[in-house]
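Participant: fold the following for me, if possible:
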Amino acid sequence: MHHSLTLSIALLLFGGCAANTTGVTPSQNKNLNVVSPSATVESEDGAMQRALDRWLKEEWTPLTQDQKVTTTKTMPDGKVVVEEKIVEVPKTDSNETFKLQNFVDKWKVYQENKEKMNAGKPKDPSHIDMLNRMPLIGK
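Facilitator: Residues are numbered from 1 along each chain as shown. Presented below is the predicted three-dimensional model:
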């Protein structure tokens, strides 16, 4: 008697859960769409995704492309020599397997170009300096 009661409760629960979702893909599952509608995911990006997209477009991509570098040297005899060279960024082939070294090489170029771009600009104060200047917290 006890086993048949447990079996019938289990069948009722499992039957109720799958009542209108049998053979339905997740995007067409009514119960799932009530909790997490898939249309909003496709149409709206969150703030973090928009910030990442903006950073990729405005910083990462321009600073990790081949760039022409011009150097000007004044020789001891007063002659000015202008030298131009193209700094190449390591290329990645979309068909080859991902290698962390490719990303590290590209990150190095990004950091070098960012330092050149920010050279001479005032730097933001570090958080340590800001905390050290606070009363009762700092030194």
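
Participant: would you agree residue 65 is in contact with residue 91?
Facilitator: No: Residue 65 sits out of contact with residue 91 when judged by Cβ atoms under 8 Å, with a separation of 10.4 Å. Using the backbone N, CA and C atoms, a C-beta is placed for each residue, glycine as well.

Participant: the more surrounded of those two?
Facilitator: Neighbour totals were compared for residue 65 and residue 91, and residue 65 leads with 12 against 9 (other Cβ atoms under 10 Å).

Participant: can you tell me how far that one sits from residue 129?
Facilitator: Distance, residue 65 to residue 129, using Cβ to Cβ, to the nearest Å: 34 Å.

Participant: same check on residue 33?
Facilitator: Computed as Cβ to Cβ, the residue 33 to residue 129 distance reads 51 Å.

Participant: between the two, point out the one with more neighbours.
Facilitator: Using other Cβ under 10 Å, the more surrounded residue of residue 33 and residue 129 is residue 33, with 14 against 10.

Participant: for the protein, which segments count as strands?
Facilitator: Here the chain has its strands, by DSSP state E, at 67-74, 80-87.

Participant: reformat the ones you listed as a markdown table; add mean neighbour count and mean pLDDT.
Facilitator: Listed next are the strands of the chain as a markdown table, based on neighbours: other Cβ atoms under 10 Å; pLDDT from 0 to 100:
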| stretch | mean neighbour count | mean pLDDT |
| --- | --- | --- |
| strand 67-74 | 10 | 78 |
| strand 80-87 | 9 | 79 |
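
Participant: tabulate those strands (a markdown table), appending distance to residue 50.
Facilitator: Putting the strands of the chain into a markdown table (distance: least, Cβ to Cβ, whole Å) gives the following:
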| stretch | distance to residue 50 |
| --- | --- |
| strand 67-74 | 27 |
| strand 80-87 | 30 |
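
Participant: just the CA atoms of the lengthiest helix in the chain, as PDB, please.
Facilitator: In the chain, assigned by DSSP state H, the helix with the most residues is helix 100-118. The C-alpha trace of helix 100-118 is given here as PDB (Å, rounded to 0.1, in the frame of the first residue of the first chain):
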ATOM      1  CA  LEU A 100      47.000  31.800 -24.400                       C
ATOM      2  CA  GLN A 101      50.300  33.100 -25.600                       C
ATOM      3  CA  ASN A 102      48.600  34.900 -28.600                       C
ATOM      4  CA  PHE A 103      46.400  36.800 -26.100                       C
ATOM      5  CA  VAL A 104      49.400  37.600 -23.800                       C
ATOM      6  CA  ASP A 105      51.300  39.000 -26.800                       C
ATOM      7  CA  LYS A 106      48.300  41.100 -27.800                       C
ATOM      8  CA  TRP A 107      47.800  42.300 -24.200                       C
ATOM      9  CA  LYS A 108      51.500  43.400 -24.100                       C
ATOM     10  CA  VAL A 109      51.000  45.500 -27.200                       C
ATOM     11  CA  TYR A 110      47.800  47.000 -25.800                       C
ATOM     12  CA  GLN A 111      49.500  48.000 -22.500                       C
ATOM     13  CA  GLU A 112      52.400  49.500 -24.300                       C
ATOM     14  CA  ASN A 113      50.200  51.600 -26.600                       C
ATOM     15  CA  LYS A 114      48.000  52.600 -23.700                       C
ATOM     16  CA  GLU A 115      51.000  53.800 -21.700                       C
ATOM     17  CA  LYS A 116      52.200  55.800 -24.800                       C
ATOM     18  CA  MET A 117      48.700  57.300 -25.100                       C
ATOM     19  CA  ASN A 118      48.500  58.300 -21.500                       C
END
